[in-house]
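Novice: for reference, the sequence and a predicted model appear below.
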Amino acid sequence: MRKAVFAGSFDPLTMGHVDIIRRASKLFDELVVLINYNPDKNEYIQIIDRVSSVKDEFSNDESVSVDVSRDQYTVDYCKDNDIGYIVRGVRNSQDFLYEDNVSNINKQLDPNVETVLLFTDKNLSVVSSSTVKGLCGFKGWEQRIEKFLPRYSYALVLEKEDALKKEYIKSIEILTGDGEVYKNPSIQLLYYNILRAYSIRNRHYHSIIHIVNGLNTMKQFKLNDEQKALLTIAYLYHDLVYDTNQDDVENVFDSENKFKKHFENILSKSQIKIIKNLILATAHKKEPYTFLERCICDIDLVIFASDINTYMRASFLIRKEYSQYDDVTWNKGRKDFLNKMYVKENFFHELPNNDTIEKQAKENILFELNLINPVQFK
């Protein structure tokens, strides 16, 4: 059995790393992704989360495993675990010269261990953990870095950088008229409760990424500051409770109750009523009535109008959230839901290019329905 190790800090795991791991796993019977942990260095992403990011990305590849090395040469780890190869990724000529030198040193430390160099896909040659971290914090950084990171790793970076915090605090400042609301410990605590709720491991689609993408979609509407603030708080809370053993209506009601409990002493009664109605509108059980209700429904359903690859990726992630159900049960429920969505008279209401995205949404639904039942569907 040919075993190899791919070592690094993976802080965070990038698409460059993923590219090397996927290709290396096809060359060897077993590939160990070895995460180097140095307790004396400041971690960007905690070690336990880096392990989880690799496991999440390669959960369907039995040849890939994850381990952690603490203050140990990679060649010594190879000797201890009967591994004969070290895989290294090369992005450019500078990397090549560096890896050539490291390979020679490793050969002197243990002549039985071979180094295999894999050149990174040219489209990922600029991607590194340090590049990703360097891009964070600037205007629009959330969209810029998304393509460089796998889904779970992207969520970890969003959490680390408090991607939602500015919008959350600004919204409460607008609604309360209190410019120093950020100093309130209870407000800070509520934010981290929201963050934790969307960071639960089994939230494969309805995660922090779903929220960030929704808030970005919100920018397509013409909203005044108060409207934007109301919509932001509502969207932050609309999937706060997501229990796949309950139906969507129960989850929405539970999310609405959480919001009311959190904000009944912070916002006015009229503001609470508006936000409650916005949250309830995301159950999609009736046509949205107000402008803001139409906006939040459009935001929540915009994934249906994405390109087919993005749409099917989202469908796959939602299926993972309902993994407790067998395929027969899942397909029946999914088919019923998609049929109901397909016959909606108006899929979108306030988003620009309504006709175009309406058509795309219908095509995506038909595509998925045909996958579920290629013979006949309604």
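Specialist: Alright, I've got the coordinates.
Novice: quick one, helices of the stretch 151-300 of the chain?
Specialist: 151-160, 165-176, 185-198, 208-217, 225-237, 248-263, 269-281, 291-301 (DSSP state H, counting those that start in this stretch).
Novice: next, format those helices as a markdown table and append mean pLDDT.
Specialist: As requested, those are arranged in a markdown table below (pLDDT from 0 to 100):
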| stretch | mean pLDDT |
| --- | --- |
| helix 151-160 | 86 |
| helix 165-176 | 91 |
| helix 185-198 | 85 |
| helix 208-217 | 88 |
| helix 225-237 | 95 |
| helix 248-263 | 88 |
| helix 269-281 | 94 |
| helix 291-301 | 95 |
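Novice: mind putting those into a markdown table with mean neighbour count and distance to residue 12?
Specialist: C-beta coordinates here come from the backbone N, C-alpha and C atoms, glycine included. Formatted as a markdown table, the helices of the stretch 151-300 of the chain follow (neighbours: other CB atoms under 10 Å; distance: least, CB to CB, whole Å):
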| stretch | mean neighbour count | distance to residue 12 |
| --- | --- | --- |
| helix 151-160 | 22 | 5 |
| helix 165-176 | 18 | 19 |
| helix 185-198 | 16 | 17 |
| helix 208-217 | 20 | 14 |
| helix 225-237 | 22 | 24 |
| helix 248-263 | 18 | 29 |
| helix 269-281 | 19 | 32 |
| helix 291-301 | 22 | 27 |
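Novice: could you dump those into JSON lines and include distance to residue 338?
Specialist: As requested, these are arranged in JSON lines below (distance: least, CB to CB, whole Å):
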{"stretch": "helix 151-160", "distance to residue 338": "23"}
{"stretch": "helix 165-176", "distance to residue 338": "31"}
{"stretch": "helix 185-198", "distance to residue 338": "25"}
{"stretch": "helix 208-217", "distance to residue 338": "19"}
{"stretch": "helix 225-237", "distance to residue 338": "23"}
{"stretch": "helix 248-263", "distance to residue 338": "14"}
{"stretch": "helix 269-281", "distance to residue 338": "20"}
{"stretch": "helix 291-301", "distance to residue 338": "12"}
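Novice: next one: residue 64 from residue 19, what distance?
Specialist: Shown here: residue 64 relative to residue 19, a distance of 13 Å by CB to CB, to the nearest Å.
Novice: and the gap between residue 64 and residue 17?
Specialist: Taking CB to CB as the measure, residue 64 falls 12 Å from residue 17.
Novice: hmm, back to that, ok, residue 64 and residue 19, which is more surrounded?
Specialist: Under the neighbour definition other CB atoms under 10 Å, residue 64 and residue 19 were set side by side, and residue 64 has more, 21 against 18.
Novice: so which bits of the biggest helix by length in the chain are buried?
Specialist: The helix of greatest length in the chain, counted in residues with DSSP state H as the criterion, is given as helix 354-372. Taking 16 or more other CB atoms under 10 Å as the neighbour-count basis, helix 354-372 is seen to contain the buried residues 357-358, 360-362, 364-365, 368-369.
Novice: check which helices and strands it sits against.
Specialist: Using 3 or more CB pairs under 8 Å, 6 or more residues apart in numbering; DSSP states H and E as the contact definition, the elements that helix 354-372 packs against are helix 308-321, helix 327-342.
Novice: re earlier: list just the nearest of the buried residues of helix 354-372 to residue 55.
Specialist: Within the buried residues of helix 354-372, distances to residue 55 taken as CB to CB reach their minimum at residue 368, with 27.4 Å.
Novice: this completes my enquiry, with thanks.
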